[in-house]
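A.B. asks: please work out how this folds:
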Amino acid sequence: MTDCLRILSLFTNKNLFKLFSIMQRFSLLTIIFLIFIQLNSFGQISRKGNPPSFFHNNLSTQVPLIELKKSDKPAIANDNNYNKADATPLEIGYTINTEINMDNSGVWSDLPNGDKIWRLSLNSKGAEALNVYFTNFYLPHRCELYIYNEDKSMVLGAYTSDNNSETGIFSTELVKGDQITIEFIQSKRVKEKAGFTIGEIGHVYQYSGFNDNKLKDFGDSDPCEVNINCVEGDNWRKQKQGVARVMVKVRNSMSWCTGTLLNNVRRDYTPYFYTAEHCGPGANEADYHNWIFYFNYEAANCENSSQEPESNTINGGRLLAKVALSQGSDFKLLKLDQEVPLSFNPYFNGWSNIDQSSPSGVSIHQPWGDVKKISTYTQQLVSTTYEGDAADLSGSFWQVKWVQTTNGHGVTEGGSSGAPLFNAQGLVIGALTGGGASCSNLTAPDYFGKFAHSWDHFATDSTNQLKSWLDPDETGISSISGLDYNQEFFIPLFRADTIAVPVGQSLNFTDLSIGNISEWNWSFEGAVPSTSNEQHPQNIVYPNIGTYDVKLVIRNNSQVDSLTKAIKVVPIVSPVPASYQINVYLGTSPVAQVEFTLYDESGREVETYYSENAIKRTVLDISRFRAGFYFLKIQTKDFSKMQKIAIF
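C.D. replies: Residues are numbered from 1 along each chain as shown. Now for the predicted structure:
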């Protein structure tokens, strides 16, 4: 069953047809259970649809409107005063605090089919876009929630019970314009009450693609940038699928950053997300649950489009580890609140923790919150400090200079912060902190915090390093390739003849691993031999009692994974049955402080034997006990074994 659970942990979001490659190993009931889990594992942010009010002309057109009070927060991020070199996130707006719910605002109406509908409009003058931050969010099954703008050109939803979370926190994508309507449908078949509080409304004063007066072709990035689907991105088709635009929230501030999904040594599709610490410094737990991650936000081809592309979004994350620039690094690792759906076609990017310069590579990023771009370097990276920082940070950053390519001279801009830097092998080796590169300063350098420096340079605990999360089993692996859902299963599995072997006897192991495997590396703690490269190791001998780990590491050219199980080596007790004495053999090495306790069939203790000296074997006198069944407990400092014996 342990092996079944291990496989179950890997199935989420994987193609169902692959289940059949292992059906011969497990029962039909297990497979059905796994399929059920798979079918219920998707958690996309919304389902496509249109609100019922769009189709029912008999509904009142009078929807209550709340005019939100404009914040006096200054617009600190605009074309005139934003400086990427300052290592600050690109602020795009602010949030307005509210306390709106279905009990104190809005209007209810009846639909012809007996369902009820609640609507409320909100206006924040001067906004280019709005979004909603909910608390106490709970939608019963069969109920739906929609959000749309004044001219109904943009609709979000339906949001459903799939969007419920343990935190009760839920936030939405941006909706174009300065007025939105929120529409909730209560099914007549549902008696359970829905609930939510609109805690904040996001007011965006600068957002790429929405301000027609600021458009440069598509979006707000500068014209030297290169779209990811130009020829420059042909060799980076996999890597781009892991990169996402992030709408960051910190208290009442909203900003753009970039980051990427990362693979981990277990290759178990955990949604780890890597970005810069200066993206959302000071964010609290609730803030992180309100972050929005936009995947596949990119132009369909090399040319810019006049129409904004659709994207796939995920709501919320949890902070795992970070180190600030002032402390010598600039990284942040999150775990997304939900697994990335298969429909997103995600890629968990590989990485290298080796502090080694690369002669070429790229960064994939979302400048000014625009569609995905690619910037290329062909000069050796320089190991250095970040501009203006103390000398003791020397060597913790990569300096990069971008080059002209076929379709432009890609650089980075505001909103690119946290973007991954890839080496020539396609592995992540850093995250963007800042720098002077821009379309008006093409030769200025940019700086990326080193992945190698963030790996374990700050080794106090798991909250300030990548290693604890990306290599939790401490395999020592220094680099790992990326992973997508289309790869074949690669799962280590094995069994032993028994999990409780008598001391001194041999044990055989059978490999049951799944995948295209080229190498098997076994480690046998406390055994002879202690290692093996055979697929099915035979005659492994354990000379002493105890509990020992057996570890199998499987590899091929692009993948590595491991599995550890415990083997218990038990004493040999003879003869069975016995009449006058019992011989107990513990192994080839003397064992100190051994206690032997004899219990009768009712569980009553009848005798205790204790060895002051370290022993390999001993003889216990049982001549005075009447015939029957007994239990002998053998106890050492690190080992305990209860064995049934017969006396005649």
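A.B. asks: now the helices for the stretch 151-300 of the chain?
C.D. replies: 237-240, 285-289 (DSSP state H, counting those that start in this stretch).
A.B. asks: between these, which one is nearest to N521?
C.D. replies: The closest of the helices of the stretch 151-300 of the chain to N521 is helix 237-240. By C-beta to C-beta, the value is 27.1 Å. Every C-beta, even on glycine, is put in place using the N, C-alpha and C of the backbone.
A.B. asks: and the closest one, average pLDDT?
C.D. replies: For helix 237-240, mean pLDDT rounds to 97.
A.B. asks: which helices and strands sit right next to it?
C.D. replies: strand 347-348 (3 or more C-beta pairs under 8 Å, 6 or more residues apart in numbering; DSSP states H and E).
A.B. asks: just checking, what packs against the strand it packs on?
C.D. replies: helix 237-240, strand 253-262, strand 483-484.
A.B. asks: repeat that with 7 Å
C.D. replies: Applying 3 or more C-beta pairs under 7 Å, 6 or more residues apart in numbering; DSSP states H and E, we find strand 347-348 packed against strand 253-262.
A.B. asks: can you map out the strands along the stretch 201-350 of the chain?
C.D. replies: 243-250, 253-262, 272-275, 292-295, 312-315, 317-323, 331-336, 347-348 (DSSP state E, counting those that start in this stretch).
A.B. asks: I'd like to know which of the ones you listed is closest to E474.
C.D. replies: strand 317-323 (15.8 Å).
A.B. asks: ok, back up a step: now distance to G414 too, for the strands of the stretch 201-350 of the chain, in CSV please.
C.D. replies: As requested, the strands of the stretch 201-350 of the chain are exported to CSV (distance: least, C-beta to C-beta, whole Å):
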stretch, distance to G414
strand 243-250, 12
strand 253-262, 7
strand 272-275, 14
strand 292-295, 16
strand 312-315, 21
strand 317-323, 21
strand 331-336, 18
strand 347-348, 25
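A.B. asks: now render the ones you listed as TSV, adding mean pLDDT.
C.D. replies: As requested, the strands of the stretch 201-350 of the chain are exported to TSV (pLDDT from 0 to 100):
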stretch	mean pLDDT
strand 243-250	97
strand 253-262	96
strand 272-275	98
strand 292-295	96
strand 312-315	94
strand 317-323	97
strand 331-336	98
strand 347-348	97
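A.B. asks: quick one: S383 and A87, what's the gap?
C.D. replies: When C-beta to C-beta, to the nearest Å is applied, the distance between S383 and A87 equals 18 Å.
A.B. asks: which pLDDT value goes with the residue most central in space within the chain?
C.D. replies: Taking C-alpha atoms, centre = their mean, the centroid of the chain lies closest to P271, which sits 1.9 Å from it. pLDDT recorded at P271 is 98.
A.B. asks: Y94: neighbouring residues, count only.
C.D. replies: Other residues lying near Y94 total 22 when counted by other C-beta atoms under 10 Å.
A.B. asks: I'd say it and V250 touch.
C.D. replies: No. Assessed by C-beta atoms under 7 Å, Y94 is found out of contact with V250, at 10.6 Å.
A.B. asks: give the bridge partners for S611, please.
C.D. replies: V594 (DSSP bridges).
A.B. asks: comparing S383 and A87, which shows the higher neighbour count?
C.D. replies: A87 (26 against 17).
A.B. asks: look up how far I374 lies from the residue lying closest to that one once chain neighbours are set aside.
C.D. replies: Closest residue in space to A87, ignoring its immediate chain neighbours: G434 at 4.1 Å, by C-beta to C-beta, 6 or more residues apart in numbering. Noted for G434: a distance of 19 Å to I374, by C-beta to C-beta.
A.B. asks: and of the strands of the stretch 201-350 of the chain, who's closest to D638?
C.D. replies: Closest among those, once you apply C-beta to C-beta, is strand 317-323, at 33.3 Å.
A.B. asks: list the buried residues in that closest one.
C.D. replies: Within strand 317-323, the residues that count as buried by 16 or more other C-beta atoms under 10 Å are 317, 319-323.
A.B. asks: one more: stretch 134-148?
C.D. replies: For stretch 134-148, burial by neighbour count (16+ other C-beta under 10 Å) applies to 134-135, 137-140, 143-148.
A.B. asks: export the residues you listed to JSON lines and tack on secondary structure and distance to C257?
C.D. replies: Converted to JSON lines, the buried residues of stretch 134-148 look like this (DSSP: H, G, I helix; E, B strand; the rest coil; distance: C-beta to C-beta, whole Å):
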{"residue": "F134", "secondary structure": "strand", "distance to C257": "22"}
{"residue": "T135", "secondary structure": "strand", "distance to C257": "24"}
{"residue": "F137", "secondary structure": "strand", "distance to C257": "24"}
{"residue": "Y138", "secondary structure": "strand", "distance to C257": "30"}
{"residue": "L139", "secondary structure": "coil", "distance to C257": "29"}
{"residue": "P140", "secondary structure": "coil", "distance to C257": "35"}
{"residue": "C143", "secondary structure": "coil", "distance to C257": "33"}
{"residue": "E144", "secondary structure": "strand", "distance to C257": "31"}
{"residue": "L145", "secondary structure": "strand", "distance to C257": "27"}
{"residue": "Y146", "secondary structure": "strand", "distance to C257": "28"}
{"residue": "I147", "secondary structure": "strand", "distance to C257": "24"}
{"residue": "Y148", "secondary structure": "strand", "distance to C257": "27"}
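A.B. asks: nearest to G259 among those?
C.D. replies: The closest of those, once distances to G259 are taken by C-beta to C-beta, is F134, at 23.6 Å.
A.B. asks: from memory the closest one sits against F170, does it?
C.D. replies: Yes. Between F134 and F170 there is a contact under C-beta under 7 Å: 4.4 Å.
A.B. asks: next, the contact list for K69, please.
C.D. replies: I96 (C-beta atoms under 7 Å, 6 or more residues apart in numbering).
A.B. asks: nearest to I198, of the helices of the stretch 151-300 of the chain?
C.D. replies: helix 285-289 (14.7 Å).
A.B. asks: what mean pLDDT does that closest one have?
C.D. replies: 97.
A.B. asks: now do the buried residues in that helix.
C.D. replies: Going by 16+ other C-beta under 10 Å, helix 285-289 has these buried residues: 286-289.
A.B. asks: can you add distance to D103 and give these back as a markdown table?
C.D. replies: Output for those, formatted as a markdown table (distance: C-beta to C-beta, whole Å):
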| residue | distance to D103 |
| --- | --- |
| A286 | 22 |
| D287 | 26 |
| Y288 | 29 |
| H289 | 24 |
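A.B. asks: report the buried residues of stretch 192-205.
C.D. replies: For stretch 192-205, by 16+ other C-beta under 10 Å, it's 194-205.
A.B. asks: before we move on, the earlier item: so which of the buried residues of helix 285-289 is the closest to S589?
C.D. replies: The closest of the buried residues of helix 285-289, once distances to S589 are taken by C-beta to C-beta, is Y288, at 51.9 Å.
A.B. asks: what's the closest one in contact with, if anything?
C.D. replies: Counted by C-beta under 7 Å, 6+ apart, Y288 has contacts 316-319, 334.
A.B. asks: from the residues you listed, which two are the most distant?
C.D. replies: Using C-beta to C-beta, the pair of the contacts of Y288 lying farthest apart is G316 and L319, separated by 11.3 Å.
A.B. asks: how deep is the residue lying closest to F451 once chain neighbours are set aside tucked in, by neighbour count?
C.D. replies: Leaving aside its chain neighbours, F451 sits nearest to I429 (4.9 Å; criterion: C-beta to C-beta, 6+ apart). As a burial measure, I429 scores 26 neighbours (other C-beta under 10 Å).
A.B. asks: which of the helices or strands spans I429?
C.D. replies: Element membership of I429 [criterion: DSSP states H and E] is strand 428-435.
A.B. asks: quick one: contacts of that strand?
C.D. replies: In contact with strand 428-435 (C-beta under 7 Å, 6+ apart) are residues 84-87, 260, 262, 274-276, 278, 325, 330-331, 349-352, 358, 363, 365, 386, 397-398, 412, 416-423, 444-451.
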